[in-house]
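1. How does the following fold in three dimensions:
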Amino acid sequence: MRFSDNGYYIERYIKCDNCGVLLYDEGMKGEVAGEPKLFCSDWCQQWASARAAGVDEPRIPLPRDGIHKTG
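-> Numbers count the residues shown, from 1 in each chain. Sure thing, here's the model as predicted:
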């Protein structure tokens, strides 16, 4: 999510290209199948890469802290 310069309104909503969660910071830049993508976590990047590689149901272990860092 990008706030305006004065911080009073949201200029643009930016979401994870894998799960769609709103990104409040810069996110993680990555590449899947040769296309640039923006992710909320390393887990989402790994999952999207596995799907692009042809894995129907990727089984990526979840990190202990969860995949979305909040607060």
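
2. how near is Leu62 to Arg51?
-> Distance, Leu62 to Arg51, by C-beta to C-beta, to the nearest Å: 16 Å. For every residue, glycine as well, the C-beta is placed using N, CA and C.

3. Who has more neighbours out of those two?
-> Remark: of Leu62 and Arg51, Arg51 carries more neighbours, 15 against 9, as counted by other C-beta atoms under 10 Å.

4. quick check, that one in a helix?
-> Yes: inclusion of Arg51 in a helix is indicated when DSSP: H, G, I helix; E, B strand; the rest coil is applied.

5. from memory it sits against Glu57, does it?
-> No: the pair Arg51 / Glu57 is not scored as a contact, 9.0 Å apart, by C-beta atoms under 8 Å.

6. the strands in this protein, which residues?
-> Per DSSP state E, the chain carries strands over the ranges 2-3, 10-12, 28-32, 35-39.

7. Please name every helix or strand in contact with the last one.
-> Counting by 3 or more C-beta pairs under 8 Å, 6 or more residues apart in numbering; DSSP states H and E, the packing neighbours recorded for strand 35-39 are strand 28-32, helix 42-52.
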